[in-house]
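Novice: Got a predicted structure plus its sequence, pasted below:
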Amino acid sequence: MARSRSRLRRRLLLILLGSVLAVGAGFAGWVAYLDRVVTREFQGRLWSVPARVYAEPLELYAGAAVSGDDLEQELRRLHYRPGDPVAGPGLYRRRGGEFELHTRRVRFVDELRAPARLSVRTSADAIIGLAAADGGALPLFRLDPLLVGSVFPVHGEDRIVLAPGEVPILLRAAIKTIEDRRFDEHHGVDPKSILRASWANLRAGRITQGGSTLTQQLVKNYFLSDEQTFGRKLTEALMALRLEAHFSKDEILVAYVNEVYLGQDGERAVHGFGLGSQFYFGKPVDELDAAELALLVGIVKGPSYYDPHKHPDRARTRRNLVLRELADAHLLSAAEAVRAAQQPLLLRPHGGGYVPAFLDLVRRHLKRDYAEADLAAAGLAIYTTLDPRAQGAAERALTRGLRRLDAASRVKEVHLEGAVVIAEPQSGDVLAVVGGRDTGSEGFNRALDARRPIGSLVKPAVYLAALETGRYHAASLLEDAPLELKLGDGSIWAPQNFTRETYGSVPMVRALAESMNLATVRLGLDVGLARVADTLVQLGLEQRPVLNPSLLLGTVEMTPLEVVSVYASLANGGFRARLRAVRAVLDEHGEALKRFKMEVGAAASPPAVYALDRMLAQVTERGTGHGATARLPRGVVAPAKTGTSSDTRDSWFAGFTASHLAVVWVGYDDNRPTGLTGAAGAMPVWADAIASLRPASWEPAAPPEVDERWIEFSTGLATSPGCSADAVRLAVPRGTALPVKPGCAAAGESLVDKVKSWLQKTLN
């Protein structure tokens, strides 16, 4: 019996020992697994860093159309602050029209520029001089490229990764003081902190303190979830111990600086002090003062609870507590802490920099060459053609215009929508994209995806096709008379003018400027639908339209961006510049991966396009778009065209100066009638946007194949300004004989006109 019990005890001991060994082996295996996870995942710490998107930097040079107020607005957009430039980068001083700047270290497509000091002198409307800090002249200087967004944040996370040398000393010390005072002493887990926190929580009867070290916080953020279980806390502690066994304190601290969650920007999670500094203050982390740094460190405890935008009082109280702690730790003097605590929060306002519609265009361009994974995680830098001034002008013009139109509308249950695209005519660079009235939010991008009938915007293609035949010119007479066509299905198509009137025999320039439908249809039918469709494709339309007679009145559907592509060929003298939104892509080390060069090719006959543009200039002088002239700077010539689709469902305006091409669409998303013509809806938005950009007047040199002649707008007869108040200056093929207006036998080119024409042709 005793022997049996002895065997049983030995068996139980063996089972117990085996169990202990099995548990120990399992635990050791688990620790080994966690060790591998820590070393594999943390080694090199390649965070998913979304591609950063930058706008085109503003170039400063003598003669640039940048006033003192313009320059100061740009500096504030870049979050430069008034102050003594000697104190460091990011500061400027203004005295009237004179500026002193201390620019930041910044990377461009072609160089990494060190911080620099310079002075700029401005007049009421231009820059008149640049000089370096040593007094040497500067022919050209570029301001910082504005960061306007990120592409494809993974799981909503976004960050700017700081290298060890980019983390300010005060930030390192402040994080340890506030979050983990014994960081340099423990090995990943701090028993003293755990006991202290447990005792404080026990006395308070609730959770008031946490005992986690910085290393444990990093492990939780980097590897684990937020669930409050014993198993998760044990895993966290073990991983923290293994992390500290493999990596230095400095590596762990820098990783924490880049990983910590600091707030939410819509669907984007703001991680790390690099992005947190930009998000809350609009400047690099090395420019933070004590108050700003203390606020960021204080937010770590509860980014939602201490959100300074939503809860400024809580955030200020937390910031001031951090400042007192820093003073107690002798990281700040008592006087410095008091001064910092007296400062307002001085946050960067929400919005004002994010351009979702333009970023959408950038994404689509980049998809041709880059996988989404690279755009999401490889830390690329995308340098674009975006002009922040043009973007701001387009956004303001559309917002104000739609608000005004809604107020005057009888339709109260829905709001009008709109889109604006602005480009540089010669290069095809897209300067601004607005996809709807809610300019700062993601959503349906009408500039790129709203495919709507363009109405009379198609007419320049009809007239260009006619001019290129050689059988028509600006003074050719067209018949604006009733017309009926029998279609293939047996129905009768009987177009009408918008006014429901007919005008008889009219010169081509008047028919186009006043957008006469009947004259245009007759012209298009004579030229041929196929030729008109070919002209649209040559100008830049990607897909050839269906050959229906209604094509001649704009039933072809296009997006605002596609209209820009077509009109860019007209604005560029008959040469098609492929639209471009991205200039270059740089890798995380600043090396160029790809440069997107300007692509230009022949689209149409330059003499014919010049003649057409001269006619389009009459649209804003005396035609359907004449209201634009009053909104533009005095003397600015702007060829343009209004467009109104059937039943006034779509209001369009497209036009250009020497410096800007813009297209505006206004309408309802549900396609209901607006009651707005192109002149009443889209044209004021276009004119307000262009006027605020100080446009250069359209004044190209005439091609040698044309003569510029004065004709009477209403009759097409040759005349002169002294003989007819209705005289307009147009281009016709060289040697064209024109009938002369009775009583103006001496009409034709004046001596001054002849000298001008001779000089132009000689210089060409």
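Specialist: Happy to help now that I have it.
Novice: Okay, buried residues for stretch 405-420 please.
Specialist: Under the neighbour-count criterion of 16 or more other C-beta atoms under 10 Å, stretch 405-420 has 405, 409, 415-420 buried. All C-beta spots, glycine's among them, are computed from the backbone N, C-alpha and C.
Novice: which residues of the stretch 1-150 of the chain fall in strands?
Specialist: Taking DSSP state E, counting those that start in this stretch to define them, one finds strands in the stretch 1-150 of the chain at 51-54, 59-60, 81-82, 91-95, 98-103, 106-107, 112-113, 116-122, 127-132, 141-142, 147-151.
Novice: Provide the contact partners of the fourth one at residue level.
Specialist: If you take C-beta atoms under 8 Å, 6 or more residues apart in numbering as the criterion, strand 91-95 is touched by 68, 72, 75, 80-85, 99-102.
Novice: Widest-spaced pair of these?
Specialist: Spatially, the most separated pair among the contacts of strand 91-95 is Gly68 and Asp84, at 19.0 Å (C-beta to C-beta).
Novice: Who has more neighbours out of these two?
Specialist: Under the criterion of other C-beta atoms under 10 Å, the comparison of Gly68 against Asp84 puts Gly68 first, with 21 against 11.
Novice: That one reaches Gly96, doesn't it?
Specialist: Yes: between Gly68 and Gly96 there is a contact under C-beta atoms under 8 Å: 7.3 Å.
Novice: sorry, back to before: any chance of the contacts of strand 91-95 in a markdown table, with pLDDT and distance to Ile160 too?
Specialist: Shown next, in a markdown table, are those (pLDDT from 0 to 100; distance: C-beta to C-beta, whole Å):
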| residue | pLDDT | distance to Ile160 |
| --- | --- | --- |
| Gly68 | 93 | 32 |
| Glu72 | 94 | 26 |
| Leu75 | 94 | 21 |
| Tyr80 | 92 | 18 |
| Arg81 | 89 | 20 |
| Pro82 | 92 | 25 |
| Gly83 | 91 | 24 |
| Asp84 | 93 | 27 |
| Pro85 | 93 | 25 |
| Phe99 | 96 | 28 |
| Glu100 | 95 | 28 |
| Leu101 | 94 | 23 |
| His102 | 95 | 21 |
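Novice: can you give me the helices for the stretch 551-700 of the chain?
Specialist: Remark: helices assigned in the stretch 551-700 of the chain by DSSP state H, counting those that start in this stretch are 560-571, 606-621, 627-631, 682-691.
Novice: would a markdown table of those with mean pLDDT be doable?
Specialist: A markdown table is the format used below for the helices of the stretch 551-700 of the chain (pLDDT from 0 to 100):
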| stretch | mean pLDDT |
| --- | --- |
| helix 560-571 | 97 |
| helix 606-621 | 97 |
| helix 627-631 | 92 |
| helix 682-691 | 97 |
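Novice: can you tell me the helix or strand for Leu730?
Specialist: Assigned by DSSP states H and E, Leu730 belongs to strand 727-733.
Novice: hmm, back to that, filter the contacts of strand 91-95 down to the buried ones.
Specialist: By neighbour count, with 16+ other C-beta under 10 Å, these hold 68, 72, 75, 80, 85, 99-102 as buried.
Novice: ok, so of those, who is nearest Arg709?
Specialist: Nearest to Arg709 out of the buried ones among the contacts of strand 91-95 is Gly68 (C-beta to C-beta; 44.0 Å).
Novice: how close does the closest one sit to Arg104?
Specialist: Distance of Gly68 to Arg104, computed by C-beta to C-beta, to the nearest Å: 21 Å.
Novice: Next, count neighbours for Pro191.
Specialist: When counting by other C-beta under 10 Å, one arrives at 9 neighbours for Pro191.
Novice: For the nearest residue to Tyr80 once chain neighbours are set aside, give the beta-bridge partners.
Specialist: Closest residue to Tyr80 apart from its sequence neighbours, by C-beta to C-beta, 6 or more residues apart in numbering: Tyr92 at 5.1 Å. Going by DSSP bridges, Tyr92 is paired in beta bridges with Pro82, Leu101.
Novice: partners of the helix or strand where Ile422 lies in the sheet?
Specialist: In the assignment (DSSP H and E), Ile422 maps to strand 417-423. If you go by DSSP bridges, strand 417-423 pairs up with strand 430-434 (antiparallel), strand 661-667 (antiparallel).
Novice: Just the C-alpha atoms of it, please, in PDB.
Specialist: The C-alpha trace of strand 417-423 is given here as PDB (Å, rounded to 0.1, in the frame of the first residue of the first chain):
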ATOM      1  CA  GLU A 417     -22.700  73.000 -57.800                       C
ATOM      2  CA  GLY A 418     -19.700  74.000 -59.800                       C
ATOM      3  CA  ALA A 419     -16.100  73.200 -60.900                       C
ATOM      4  CA  VAL A 420     -13.100  75.300 -61.900                       C
ATOM      5  CA  VAL A 421      -9.900  74.300 -63.600                       C
ATOM      6  CA  ILE A 422      -7.100  76.800 -64.300                       C
ATOM      7  CA  ALA A 423      -4.000  76.000 -66.400                       C
END
